[in-house]
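K.L.:
Quick one: sequence and predicted model below, then my questions.
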Amino acid sequence: MVYGLRYYFRLTGDNKRAVSLPSLRKEAKLPVILNRSELRELFAAPSLLKHRIVLCLIYSAGLRGQEVINLNISDIDFERKTIHIRQSKYKKDRIVPLSDYMALGLKKYLSAEHPHMYLFNGKEPDGRYSVKGLSWVMREALKKTSIQKEVCLHSLRHSYATHLLEEGVNIVTVKELLGHSQITTTLIYLHVARLSIVTAHSPLDTLYKDAL
């Protein structure tokens, strides 16, 4: 209602009233993360190879749903082990690593399914899969697991970022891999990642460590 009134006042030229409306505070919730055991159970749940592959791919590269359905077969470079994500959010391209395990799965999928142009064909008019379709795959897979957490398709991306941080990848690299425009967006994962505590020390000690 607040945003509707604000938009109405702007249309009618009454900007002063629009500015005086209160802003809405969003609830500060941390992302829900799937642990490694839960991910293995989830990826084993779908009966169709295509569904197993698409869920694994989202987690393996930290992809958004829209990025998945826009992927062309040619965007997967098996030799260079990269995935080229084109014109995603903020109209930016980025390249992320292709997992060795994911490469094996994708080759098996391509050999069995023979998709045309898009990596995942669906019932959209242009031949693509839909984001709603991806969400349905996630929901149906969850029903076959013992996972009790309230998670969705995007939780795979959250899990990807958190697990990278836990494995020692620095926050700036994670930001670039996720395609965030601001690092403040990426910092949320520091609140859920279980990071080892490094004892405070002086860099002078490590500077001459070999000389002692």
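P.N.:
On my side now, so go ahead. Numbering: from 1, shown residues only.

K.L.:
Tell me where the protein has helices.
P.N.:
Secondary structure of the chain (DSSP state H): helices located at 2-11, 15-20, 36-44, 49-61, 65-70, 100-113, 131-143, 155-166, 171-178, 183-186, 203-207.

K.L.:
and residue 192, which of the ones you listed is closest to it?
P.N.:
In terms of C-beta to C-beta, the element of the helices of the chain nearest to residue 192 is helix 155-166, at 5.4 Å. Heads up, the C-betas are built off the backbone N, CA and C, glycines and all.

K.L.:
quick one: that closest one to helix 131-143, angle?
P.N.:
Taking axes from the mean of the first three to the mean of the last three C-alpha atoms, to 10 degrees, helix 155-166 and helix 131-143 form an angle of 70 degrees between their directions.

K.L.:
so how far is helix 155-166 from its chain's centroid?
P.N.:
8 Å (C-alpha atoms, centre = their mean, to the nearest Å).

K.L.:
Convert the C-alpha atoms of that helix to PDB, please.
P.N.:
Taking C-alpha atoms only, helix 155-166 is exported to PDB below (Å, rounded to 0.1, in the frame of the first residue of the first chain):
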ATOM      1  CA  SER A 155      19.000 -22.000  -1.500                       C
ATOM      2  CA  LEU A 156      21.400 -23.900  -3.800                       C
ATOM      3  CA  ARG A 157      23.100 -20.700  -4.700                       C
ATOM      4  CA  HIS A 158      23.300 -19.700  -1.000                       C
ATOM      5  CA  SER A 159      24.800 -23.000  -0.200                       C
ATOM      6  CA  TYR A 160      27.400 -22.600  -3.000                       C
ATOM      7  CA  ALA A 161      28.600 -19.300  -1.700                       C
ATOM      8  CA  THR A 162      28.700 -20.400   1.900                       C
ATOM      9  CA  HIS A 163      30.600 -23.600   1.200                       C
ATOM     10  CA  LEU A 164      33.200 -21.700  -0.900                       C
ATOM     11  CA  LEU A 165      33.800 -19.400   2.000                       C
ATOM     12  CA  GLU A 166      34.200 -22.300   4.400                       C
END
